[in-house]
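Visitor: no FASTA, just this:
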């Protein structure tokens, strides 16, 4: 006989697959739900509701409740600027910053030779098609400051060259609240190279 | 317009309530599910299956798939020894240790004046009734080595006194793999007081 009834075991194993949860915290989360029928019912309800309604936006790849996400459907946003992000979480982070009024394009990752992710696995063609269709003045590459992110950025810039749009990347330098003596050498040299005159 | 569609927001908030998940990891877990329809469907299936089948054992309070949990229903286990635990996770941990062949009693917590948990909120009466019914030789108190756990243990020992059963607690001392110089004073003095002659 199993130590733990099989369906519980399965639930724990499933939860442990979620990012941020290990086997231990998955067990705690499972027990939390198992001993609280109301919360279990609530989470079931929300999951099935979300599962039924979720849509991937046909334009930008964002998640939404309709064929067009609420950003692409928003007439006030500037369709002339496309901000390219790796994933929906990056899009949400930029939205939370409140500093962006253009539209997005979710790539779905970055190229990574080791993991076998090439340009064809990403939504690059879709981006090029959007630019090709016209009306786009600038493409902002808001990709991670990692090697893979930068490689992906170069590839994209290369592919967008024929269309004569401005391609920019996010500024690199000191994060807000950082202390100079705690910054790594790479960030410091980028911050130095990108210094701005104030007087 | 919300930054994130409302159902996603609700899902993230729900997930963030699970122990071990903060707002950030709840968002990551939600996005993980939202971008993987198959995993979302699987987790939905398992949750609804578990939700339908789950039962609290009428004897010991363990979670199971029937009115009697698989431990109480197991004829091989020694019904003469009852191990009292705070929660089902403690029961699972003891089962995993493989060193126990008796049955259990899940208290459902420990007394805690600050949180308003008194003996009546716990399954104490049910334990006393099991002992009163006869056939029990020993009650092992496997409660946490905290003030609340120890208080609860004293209360239980007091209530079980009239029935003449042996009441024991788990040994206290050095955990396996511990170094003496890293042990706290409380554990060290308990380990000293409970020293065992080896030669």
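Guide: It's in. Values in this document were obtained by computation on a predicted structure and should not be read as measured data.
Visitor: For residue A:83, give me phi and psi.
Guide: Dihedral pair for residue A:83: phi -100, psi 120, per degrees, to the nearest 10.
Visitor: Kindly report the same for the one 3 residues further on.
Guide: According to degrees, to the nearest 10, the main-chain angles of residue A:86 amount to phi -70, psi -50.
Visitor: so it touches residue A:112, yeah?
Guide: No: Residue A:86 is beyond contact range of residue A:112, at 10.9 Å (criterion: CB atoms under 8 Å). Yep, even glycine has a C-beta here, placed from its N, CA and C like the rest.
Visitor: who has more neighbours, the two?
Guide: Neighbour totals were compared for residue A:86 and residue A:112, and residue A:86 leads with 20 against 16 (other CB atoms under 10 Å in any protein chain shown).
Visitor: In contact with that one: list those residues for me.
Guide: By CB atoms under 8 Å, 6 or more residues apart in numbering or on different chains, the contact set of residue A:86 is A:106-110, A:143-144, A:149.
Visitor: Tell me how many other residues crowd residue A:136.
Guide: 21.
Visitor: and it, what element?
Guide: For residue A:136, there is no host helix or strand (DSSP states H and E).
Visitor: For residue A:104, see how far away it is.
Guide: Remark: distance between residue A:136 and residue A:104 (CB to CB, to the nearest Å) = 12 Å.
Visitor: Give me the common contacts of the two.
Guide: Counting by CB under 8 Å, 6+ apart, the contacts common to residue A:136 and residue A:104 are residue A:82.
Visitor: how near is the residue lying closest to residue A:171 once chain neighbours are set aside to residue A:16?
Guide: Leaving out its chain neighbours, the residue that sits closest to residue A:171 by CB to CB, 6 or more residues apart in numbering or on different chains is residue A:194, at 6.6 Å. Distance of residue A:194 to residue A:16, computed by CB to CB: 42 Å.
Visitor: Then residue A:120?
Guide: According to CB to CB, residue A:120 and residue A:16 sit 32 Å apart.
Visitor: And these two? Which one has more around it.
Guide: When neighbours are counted by other CB under 10 Å, residue A:120 and residue A:16 differ, and residue A:16 comes out ahead with 16 against 8.
Visitor: Against residue B:92, how distant is the more buried one?
Guide: To residue B:92, residue A:16 is 14 Å away according to CB to CB.
Visitor: go on, residue A:180?
Guide: Counting by CB to CB, the gap from residue A:180 to residue B:92 is 50 Å.
Visitor: can you check residue A:118 too?
Guide: 45 Å.
Visitor: Comparing the two, which residue is more hemmed in?
Guide: Legend: neighbour count by other CB under 10 Å for residue A:118 and residue B:92, higher for residue B:92 (19 against 12).
Visitor: which phi and psi does residue A:139 have?
Guide: Dihedral angles of residue A:139 (phi, psi; degrees, to the nearest 10) stand at phi -120, psi 120.
Visitor: So for chain A, the centremost residue is which one?
Guide: The geometric centre of chain A, computed from its C-alpha atoms, lies nearest to residue A:87 (CA atoms, centre = their mean), at 2.1 Å.
Visitor: does it really touch residue A:106, like I thought?
Guide: Yes: under the criterion of CB under 8 Å, residue A:87 makes contact with residue A:106 at 6.5 Å.
Visitor: and the nearest residue in space to residue A:57 that is not next to it in sequence, how far is that from residue B:15?
Guide: For residue A:57, ignoring the flanking residues on the chain, the nearest one in space by CB to CB, 6+ apart is residue A:69 at 3.6 Å. For residue A:69, the distance to residue B:15 equals 21 Å [CB to CB].
Visitor: Same question for residue A:30.
Guide: In this view, residue A:30 and residue B:15 are 13 Å apart by CB to CB.
Visitor: More neighbours: which of these two?
Guide: Legend: neighbour count by other CB under 10 Å for residue A:30 and residue B:15, higher for residue A:30 (29 against 25).
Visitor: Thought residue A:107 was touching residue A:117, still the case?
Guide: No: Residue A:117 is not in contact with residue A:107 according to CB under 8 Å; the separation is 10.2 Å.
Visitor: Look at the two and report which has more neighbours.
Guide: residue A:107 (25 against 16).
Visitor: residue contacts, that one?
Guide: A:61, A:84-87, A:122-124, A:127, A:143, A:152.
Visitor: Tell me which entries of those residues lie within helices.
Guide: Secondary structure defined by DSSP state H assigns A:124, A:127, A:152 of the contacts of residue A:107 to helices.
Visitor: And the nearest residue to residue A:77 once chain neighbours are set aside, which helix or strand is it part of?
Guide: Distances taken as CB to CB, 6+ apart place residue A:103 nearest to residue A:77, at 5.4 Å, with adjacent residues excluded. Using DSSP H and E, residue A:103 falls within strand A:102-106.
Visitor: Quickly run through the sheet partners of that strand, with directions.
Guide: Paired with strand A:102-106 in the same sheet, following DSSP bridges, are strand A:78-85 (parallel).
Visitor: pLDDT below threshold where in chain A?
Guide: Chain A contains residues with pLDDT under 70 at A:1-2.
Visitor: Break it into its domains for me.
Guide: A:6-53, A:76-169 (automatic domain parsing).
Visitor: hmm, the longest helix along chain A touching chain B?
Guide: The helix that spans the most residues within chain A, counting by DSSP H, is helix A:37-53. Yes: Helix A:37-53 is in contact with chain B by CB under 8 Å from any CB of the partner chain, via A:37, A:39-44, A:46-51, A:53.
Visitor: Next secondary structure element downstream of that helix?
Guide: strand A:55-56.
Visitor: Neighbouring strands - and their directions - for that next one?
Guide: Here strand A:55-56 is paired, per DSSP bridges, with strand A:63-64 (antiparallel).
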